[in-house]
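Colleague: starting from these lines, generate the structure:
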Amino acid sequence: MNGRGKIMKFLEQVIERAKSDIKTIVLPESTDERTLKATAMILEQGIANIVLVGDEDEIRQKAGGLDISKAKIVNPLKSEKFDEYVNVFYELRKHKGMTLEKARETIKDPLYYGVMMAKMGEADGMVSGAVHSTADTVRPALQILKTAPGIETVSSFFVMVVPNCEYGQNGVFVYADCGIVENPDAEELADIAISSAKSFRHLVQAEPKVAMLSYSTYGSAKSELTEKVIKATQIAKEKAPELILDGELQADAALVPSVGKSKAPGSNVAGQANVLIFPDLNCGNIAYKLTQRLAKAEAYGPILQGISKPVNDLSRGCVAEDIVGVVAITAVQAQG
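Modeller: You can find the predicted model right below:
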């Protein structure tokens, strides 16, 4: 199969899975032309139910000839749930100095209102970022939603689909963390690894083989940096002994069978890794962008993980088709 076919296959599989158990996804950037075009496509294909947050007249005017008739439109200022959401948000954040007045102003923001809908069971997830920054998209989720059971660290990952690649799961990988946790300690890095393995299994539907990456393999170098990865590997193995996980491994030892055998003999991950855990955000972010640009890979993310309801980010350079893909991924995450 050529690279483009593989990419389509991954997305097509995700879309078909989304259609099999329809979820409700909030799109708060409701006057953005790409968002509205994506809404029409999602509804036409039956991928998810869509909630648009904003003024109904303005949304319908911006939609023009697009058929968004099946979308639910919610205006926070007119919603009967508004006061309830304000009170819940105030209770969640009062220990941080939140006042009722400030909570009322905050919940008027479509992004905060959308995440509150997910928290209160009115929706299953949210997708934003076509207009807003990653920080603006992620902040409401971190403030409102709880972490997933057994996980204390909210992190993010990218699904990387690399054309003409014999490594990973036929060229499909999860890279983490590439967007949220700047300099994880060993405990946080272990959480990122465990969450990423779950995300890979759920989205890619294959057995995760997790490599804890470093510039050292099996003690070939020693420093504070390598010790953190070694400790994180130990913690992850203790917390999730069922996982196929190993480290510390250099990238070539993790990916290339011949190098893995030479540098890490006996490892059940070396030369077979499909989940790559980077020691910090510098490494993860640089690696995904290099893979995307130099290997012409498709990068889906950053996708949040370790959180009780899925909230996902878009690139501000995205097109409507990208939004459709991320909504499908979010819906499949929500299926659990």
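
Colleague: and Leu245, helix, strand or coil?
Modeller: Judged by DSSP: H, G, I helix; E, B strand; the rest coil, the three-state class of Leu245 is strand.

Colleague: one more: the one 3 residues further on?
Modeller: Taken by three-state DSSP, the conformation at Glu248 corresponds to strand.

Colleague: is it true that it touches Met212?
Modeller: Yes - Glu248 is within contact range of Met212, at 5.6 Å (criterion: CB atoms under 8 Å). All C-beta atoms are positioned from the backbone trio N, CA, C, and that covers glycine.

Colleague: which SSE is Val159 in?
Modeller: strand 155-161 (DSSP states H and E).

Colleague: just to revisit the earlier point, identify the contacts common to Glu248 and Met212.
Modeller: Listed contacts common to Glu248 and Met212 are Val229, Thr233; contacts here mean CB atoms under 8 Å, 6 or more residues apart in numbering.

Colleague: and Val115, what element?
Modeller: Element membership for Val115 (DSSP H and E) is helix 110-119.

Colleague: neighbouring strands for the following helix or strand past that helix, and are they parallel or not?
Modeller: Using DSSP H and E, the helix or strand that follows helix 110-119 in sequence is strand 125-128. The pairing partners recorded for strand 125-128 under DSSP bridges are strand 24-27 (parallel), strand 311-313 (parallel).

Colleague: returning to what we had before: how far off centre is the strand holding Val159?
Modeller: Centroid separation for strand 155-161 versus its chain: 6 Å, with CA atoms, centre = their mean, to the nearest Å.

Colleague: which helices and strands does it pack with?
Modeller: helix 3-20, strand 172-176, helix 186-204, helix 281-294, strand 298-305 (3 or more CB pairs under 8 Å, 6 or more residues apart in numbering; DSSP states H and E).

Colleague: dump those to a markdown table, plus distance to Glu227.
Modeller: As requested, the helices and strands packed on strand 155-161 are exported to a markdown table (distance: least, CB to CB, whole Å):
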| stretch | distance to Glu227 |
| --- | --- |
| helix 3-20 | 36 |
| strand 172-176 | 20 |
| helix 186-204 | 8 |
| helix 281-294 | 16 |
| strand 298-305 | 25 |
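
Colleague: Ile235 against Ala186, yeah?
Modeller: Yes - the pair Ile235 / Ala186 is scored as a contact, 5.9 Å apart, by CB under 8 Å.

Colleague: would a markdown table of the strands paired with strand 125-128 with mean pLDDT, mean neighbour count and distance to Lys72 be doable?
Modeller: Formatted as a markdown table, those follow (pLDDT from 0 to 100; neighbours: other CB atoms under 10 Å; distance: least, CB to CB, whole Å):
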| stretch | mean pLDDT | mean neighbour count | distance to Lys72 |
| --- | --- | --- | --- |
| strand 24-27 | 98 | 26 | 8 |
| strand 311-313 | 90 | 27 | 18 |
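
Colleague: can I get those strands in CSV with distance to Ile323?
Modeller: Shown next, in CSV, are these (distance: least, CB to CB, whole Å):
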stretch, distance to Ile323
strand 24-27, 8
strand 311-313, 10
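
Colleague: what is the burial count for Asn183?
Modeller: 11 (other CB atoms under 10 Å).

Colleague: next, the contact list for it, please.
Modeller: Asn183 touches Asp280, Leu281, counting by CB under 8 Å, 6+ apart.

Colleague: what helix or strand does it sit in?
Modeller: Using DSSP H and E, Asn183 sits in no helix or strand.

Colleague: from Thr137, how far out is it?
Modeller: Distance of Asn183 to Thr137, given as CB to CB, to the nearest Å: 21 Å.

Colleague: cool, and Ile42?
Modeller: Taken as CB to CB, the span from Ile42 to Thr137 is 18 Å.

Colleague: next one: Glu188
Modeller: From Glu188 to Thr137 the distance is 21 Å (CB to CB).

Colleague: who has more neighbours, those two?
Modeller: Taking other CB under 10 Å, Glu188 and Thr137 do not tie; Thr137 has more neighbours (26 against 20).

Colleague: Val131 is in contact with the more buried one, correct?
Modeller: No - taking CB under 8 Å as the definition, Thr137 is not a contact partner of Val131, at 9.7 Å.

Colleague: nearest residue to the middle of the protein?
Modeller: Residue closest to the mean C-alpha point of the chain, counted by CA atoms, centre = their mean, is Ile303 at 1.0 Å.

Colleague: report the beta-bridge partners for that residue.
Modeller: Per DSSP bridges, the residues bridged to Ile303 are Phe157, Asn312.

Colleague: show me where this protein dips below the pLDDT cut-off.
Modeller: For the chain, the stretches with pLDDT under 70 are 1-8.

Colleague: can you rerun that using 80?
Modeller: Scanning the chain for pLDDT under 80 picks out the ranges 1-8, 150, 219, 301, 315.
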